[in-house]
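Colleague: Sharing a sequence plus its predicted fold:
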Amino acid sequence: MDDPSAPDPHPPERRGPGVPIDRAAILLGLFVLAVILLLGQIHPPGPATSGTAAAPATTLPGAPATTLPRVTTTTTTTTVPPKAKSNAPVLVANASGKAGAAATVTNDLQVAGWTVQAPINATANVATSSVYYVSGQKVAATGVAATLHLPASAVLPYTTAAPVSTIGTAEVLVVVAPDLAGASSTASGT
């Protein structure tokens, strides 16, 4: 017979219910962390926003209070030069009597992203500024007027009554009067 005080050569296997669940929870947590890190390498965050965002700590369902570490992501914003607001070429004519007014307005429009042509002088001076447009370019003309802080009533269809000899290939014409010549940022040129 066996002596009960003698050590058992084959100790019974310990099958406690907590041991395999703890190991499984730890392995599952490590797996999730590895997947998160791997996905961060495969799909880096895009330059949509600027700042820092932190993911909340997560507790795995059914696991005994195992939490994953917080992951912090930082993204950057890239400044892109302004694109042309429209492909409609804009011509600016000076009808203000102030030297350099058309060149200044042309520069302001170009900086704002509009496609501009070389400024010209009008055939006559006018009292108020106007923005003329050829057929199909009312939206562009309205945008130019808004850029120059002119009212919507200043946007008109182009006719030969405009104080220029020709608009050439331009599709939007800005006629600069004293009201707009005084609002321009600098004075130089035509």
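Modeller: It's in.
Colleague: where does the chain dip in pLDDT?
Modeller: The model of the chain has pLDDT under 70 over residues 1-19, 43-85, 183-190.
Colleague: Could you chop it up by domain?
Modeller: 18-75, 90-181 (automatic domain parsing).
Colleague: got the ones you listed as TSV, with mean neighbour count columns?
Modeller: Using the backbone N, CA and C atoms, a C-beta is placed for each residue, glycine as well. Formatted as TSV, these follow (neighbours: other CB atoms under 10 Å):
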stretch	mean neighbour count
domain 18-75	11
domain 90-181	19
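Colleague: Can you tell me the element the spatially closest residue to residue 151 that is not a sequence neighbour falls in?
Modeller: Sequence neighbours aside, residue 145 is the residue nearest to residue 151 in space, at 7.3 Å (criterion: CB to CB, 6 or more residues apart in numbering). Counting by DSSP states H and E, the element that carries residue 145 is helix 138-147.
Colleague: what packs against that helix?
Modeller: helix 101-111, strand 130-133, strand 155-157, strand 172-176 (3 or more CB pairs under 8 Å, 6 or more residues apart in numbering; DSSP states H and E).
Colleague: Distance to residue 38 for those - can I get that in TSV?
Modeller: Converted to TSV, the helices and strands packed on helix 138-147 look like this (distance: least, CB to CB, whole Å):
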stretch	distance to residue 38
helix 101-111	45
strand 130-133	55
strand 155-157	56
strand 172-176	53
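Colleague: Please consider this matter closed, and thank you.
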